[in-house]
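**Q** Would you be able to build a 3D model of this:
(chains A and B)
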Number of protein chains: 2
Amino acid sequence: MPNLRFTEKALSDWMRSDAADSEIVISSRVRIARNLQHYPFPMLASNEQSEEVLNKLSEVLQYDDVHAFGDFHTLDLMDIDDLDKRVLVEKHLISPSLVNESKNGAVILSEDESVSIMINEEDHLRIQCLYPGFQVKEAWEKASAIDDAFEAHVDYAFDDRRGYLTSCPTNVGTGVRASVMMHLPALVMTQQIGRILTAVSQVGLTVRGIYGEGSEAMGNLFQISNQITLGQTEQEVIDNLHGVVQQIIEHERTARERLISDSKLRITDRVMRSYGILSHAAIMDSKEAAQRLSDVRLGVDLGLLNGLSITVMNELNVMTQPGFLQKTFGEDMRTDERDIYRAQLIRDTINSASQSQ
Amino acid sequence: MPNLRFTEKALSDWMRSDAADSEIVISSRVRIARNLQHYPFPMLASNEQSEEVLNKLSEVLQYDDVHAFGDFHTLDLMDIDDLDKRVLVEKHLISPSLVNESKNGAVILSEDESVSIMINEEDHLRIQCLYPGFQVKEAWEKASAIDDAFEAHVDYAFDDRRGYLTSCPTNVGTGVRASVMMHLPALVMTQQIGRILTAVSQVGLTVRGIYGEGSEAMGNLFQISNQITLGQTEQEVIDNLHGVVQQIIEHERTARERLISDSKLRITDRVMRSYGILSHAAIMDSKEAAQRLSDVRLGVDLGLLNGLSITVMNELNVMTQPGFLQKTFGEDMRTDERDIYRAQLIRDTINSASQSQ
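**A** Have a look, this model is predicted:
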């Protein structure tokens, strides 16, 4: 049995440290997609071939230069039960596609969960580094260093004209996708968000909900990432994202300042009502939870609400997801039961966080 | 300057005692309309005449048989400032018409505010007795006894065929109006209220909001009273109201039991959300306050919510009225300011009541 400590706590250790701009940027992530030479992409690989890929890449962990990045734990997907897989997805440590489509899929996690290396997902190797707050450059540097360490021991599929080859053409070239998860309640409230997201998409970036492609933006959380991987250097990709996110941060900050100067009372009312409901409701669906947690997070950020930390808010974002709820309450739940357990978990968490102040 | 202790506390002392069926019937009231012989009705009386009426009726208070009903305090309306008048209306101790239309109007109040005798309102004399809970018979007996005491010292306008004469034809005959204020949230939630109010109006009773004729029913509070004063004896009037109210109590009770057995969770959620909002909101208009206070009152009645007493809920019903708010916060308020002070007062009252448990 693999070590499943990773599914016990809602919040990864790396999310617990303070970070720049963390009142607006929840987290930064860079992932690098790579494939081994002489092996078909996972989708086309035989069982034997993907097993070889898994063994080859797992062996790399033994080398000192890779080991330098921390203690790693390898989890074979087939050894993990469905609920734990779901929790790992909810913690953004693995992708739904690794769960649903992989053959001989595995994930290699660092002790603090800041490094997640997926094997036999869409590509043979996906190195992902996660940082709290706005640290996309730091995440890039670390992911890049781990990539270099792997490259010292295996041969990547590479084409001189096109760069790194990947299973999906949208990743060919750098194979790099950098993203930040932003909390933009003031831009939503002041109805500027549409204009800003349109502008973002015009400079080669893309916006998604927090659970990736096709997912709805809930709780005013937006994941912004680069669309382009071809024709730009990795540094240009990171710099472009960094610059645009910096501007969105400024817009959100200005919008928050204006909310406070123009409608402090209205915002306070909204924040406090959401706090009152979260700490008392008996039924709470995931959409409402996301929205009200967003209100309360904004209240904490603006100093309108004391007694709750951003760490608790980050924890609640994960804890209220279906898989984690089931993990906590140990039951196979219907949707309506989930709404009851979700309400209970939020009440208990908020009330005990407020009392411990 | 008259004694204005009557406008300081939101809740009259008579409302503080326990009473039968008080989880459904908030209070019972009987008022008797009488006029003196040889004087025109107040509307037609000269200043001199209405002054004489006032003096004549005030003198009656000196007699021992009247005095036996308690220590009375006479307040001349012209000595009371507008805000205090408003508070007296909000406490149901005087009518808007005494405030707005009377010449030489006055009110005589007993120490515990359970007896309120208006002079020179629509009629020369309006004796009103108030009881907590469902005590319409008790209220009738007391009002009737006070009426007898007055009648021993003054001559009432009386016609052998029509009975007691009153300014408005709807009061001619017995001059008696008995009413109860009912809290009927379960009948509203289960959408039975329309049918029941229709039935009520078909048996000679009438339903109003809690601030009398034409006022909207807010917070699921309904005032039910007799329409007929002619062709029935006082006893028939009281018995009819008593019987119908008894039936409505049973219907409400059954509806509450069904809510608890069929949808306890949904009701708990509603009650707790309203409690959470009342104890945290920064802005609260009177309509929302009434509705949420109704939810919380139901929660207290059903044992879903501890730490709040019905007395506190009764207090809040009066405290959140515009006049009383202004009395508490001592300012000439705009509507939007009122909503802020109302929210503050509710928060403070609920939180201190919950903590003192």
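**Q** which residue ranges form the strands in the stretch 201-350 of chain A?
**A** Using DSSP state E, counting those that start in this stretch, the strands of the stretch 201-350 of chain A run over residues A:205-208, A:221-226.
**Q** Any chance of those strands in TSV with distance to residue B:269 and mean neighbour count as columns?
**A** In short, each C-beta sits where N, CA and C put it, glycine included. Formatted as TSV, the strands of the stretch 201-350 of chain A follow (distance: least, Cβ to Cβ, whole Å; neighbours: other Cβ atoms under 10 Å in any protein chain shown):
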stretch	distance to residue B:269	mean neighbour count
strand A:205-208	32	18
strand A:221-226	25	22
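**Q** ok, residue A:277 touching residue B:279?
**A** No - counting by Cβ atoms under 8 Å, residue A:277 does not reach residue B:279; the two are 10.7 Å apart.
**Q** Name the residue in these two with the higher neighbour count.
**A** Neighbours were counted for residue A:277 and for residue B:279 using other Cβ atoms under 10 Å in any protein chain shown; residue A:277 has more, 25 against 21.
**Q** Now for that one: which residues touch it?
**A** A:292, B:273, B:276-277 (Cβ atoms under 8 Å, 6 or more residues apart in numbering or on different chains).
**Q** In PyMOL, how would I select just the buried ones from those?
**A** Only the buried entries of the contacts of residue A:277 go into this PyMOL selection, using 16 or more other Cβ atoms under 10 Å in any protein chain shown:
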select buried, (chain A and resi 292) or (chain B and resi 273+276+277)
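**Q** Residue A:74 - nearest residue in space that isn't next to it in sequence?
**A** Counting by Cβ to Cβ, 6 or more residues apart in numbering or on different chains, residue A:74 lies nearest to residue A:108, which is 5.0 Å off, once chain neighbours are set aside.
**Q** what about the one you found, which helix or strand?
**A** For residue A:108, the element it lies in under DSSP states H and E is strand A:106-110.
**Q** And that strand, how far out from the chain middle?
**A** Centroid displacement of strand A:106-110 relative to its chain, using Cα atoms, centre = their mean, to the nearest Å, is 15 Å.
**Q** what's next to the next helix or strand after it, contact-wise?
**A** Per DSSP H and E, the first helix or strand lying C-terminal to strand A:106-110 is strand A:115-119. Contact with strand A:115-119 is made by A:53-54, A:57-58, A:69-70, A:72, A:93-95, A:98, A:104-110, A:125-130, A:142, A:146, as judged by Cβ under 8 Å, 6+ apart.
**Q** tally of neighbours for residue A:100?
**A** For residue A:100, using other Cβ under 10 Å, the count is 10.
**Q** Tell me the helices and strands packed up against the one helix or strand it maps to.
**A** Using DSSP H and E, residue A:100 sits within helix A:96-101. On a contact count with 3 or more Cβ pairs under 8 Å, 6 or more residues apart in numbering or on different chains; DSSP states H and E, helix A:96-101 meets helix A:82-90.
**Q** Are there helices or strands packed against the helix it packs on, and which ones?
**A** When contacts are defined as 3+ Cβ pairs under 8 Å, 6+ apart, helix A:82-90 packs onto helix A:96-101, helix A:322-329.
**Q** highest average neighbour count across those?
**A** Most buried of the helices and strands packed on helix A:82-90 by mean neighbour count (mean count of other Cβ atoms under 10 Å in any protein chain shown) is helix A:322-329; its value is a mean of 19.
**Q** contacting residues around it?
**A** The contact list for helix A:322-329 (Cβ under 8 Å, 6+ apart) reads A:7-8, A:10, A:83-84, A:86-87, A:89-90, A:286, A:318-319, A:332-333, A:338, A:341-342, A:345.
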